[in-house]
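1. One predicted model, sequence on top.
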Amino acid sequence: MRCVIARFPFDLTKSGVLESMKGIKPEPITGESVIIGRCHYPVKQVGEVITRQDRRDFTSGEVTRAMARLGFTCRTPESATPAPVLSPLQNASALLGSPEPLEL
């Protein structure tokens, strides 16, 4: 599949990406990630390996789109979902927990 990353065209295949990432240890994930084989890799790490370009030269969105088109599972960070806003009463109730049942 032909895709453009950092204004350069690349002919990528799923098997080629799998081969390129074989033996590469995944870095800690702080943002978007892609599942290649059984490992979760940061999107920027994958982009750097498959394009041989500096991570500052491309966006994570470019690599995410290319990996999704090749059939890899891409994930966004879980911290991006906002936590529900609780009222002060709900917050206090959550901190205290549920009451213990009385033993007779």
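-> Good, I have the coordinates.
2. give me the low-pLDDT residue ranges for the chain?
-> Applying pLDDT under 70 to the chain flags residues 78-83, 98, 100, 102, 104.
3. in it, which spans are strands?
-> Remark: strands assigned in the chain by DSSP state E are 2-5, 8-11, 33-36, 39-42, 73-75.
4. Can you say which of the ones you listed is nearest to Ala66?
-> strand 2-5 (4.3 Å; Cβ to Cβ). Backbone N, C-alpha and C define where each C-beta goes, glycine included.
5. so what strands line up beside that closest one?
-> strand 8-11 (antiparallel) (DSSP bridges).
6. Pull out the buried positions in the partner strand.
-> Phe10 (16 or more other Cβ atoms under 10 Å).
7. Just grab the bridge partners of the spatially most central residue of the chain for me.
-> Residue closest to the average C-alpha location in the chain (Cα atoms, centre = their mean): Ser33, at 2.0 Å. When bridges are called by DSSP bridges, Ser33 pairs up with Pro42, Arg75.
8. Residues contacting the longest helix anywhere in the chain, please?
-> What stands out as the longest helix in the chain, according to DSSP state H, is helix 60-70. Residues from elsewhere that reach helix 60-70, judged by Cβ atoms under 8 Å, 6 or more residues apart in numbering: 1, 3-6, 10, 12-14, 17, 31-32, 34, 43-44, 46-47, 74.
9. Equivalent analysis for stretch 10-28, please.
-> Stretch 10-28 has contacts (Cβ under 8 Å, 6+ apart) with 1-4, 36-37, 39-42, 45-46, 49-51, 66-67, 70-72.
10. Put the buried members of those residues into a ChimeraX selection.
-> Restricted to buried positions by 16+ other Cβ under 10 Å, the ChimeraX selection for these reads:
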select :3,36,41,42,45,46,50,51,66,67,70,72
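11. Filter the contacts of helix 60-70 down to the buried ones.
-> Neighbour counting with 16+ other Cβ under 10 Å marks 3, 5-6, 10, 12, 17, 32, 34, 43-44, 46-47, 74 as buried within those.
12. For Leu95, state which of those is nearest.
-> The closest of the buried ones among the contacts of helix 60-70, once distances to Leu95 are taken by Cβ to Cβ, is Glu32, at 32.9 Å.
13. Thank you, goodbye.
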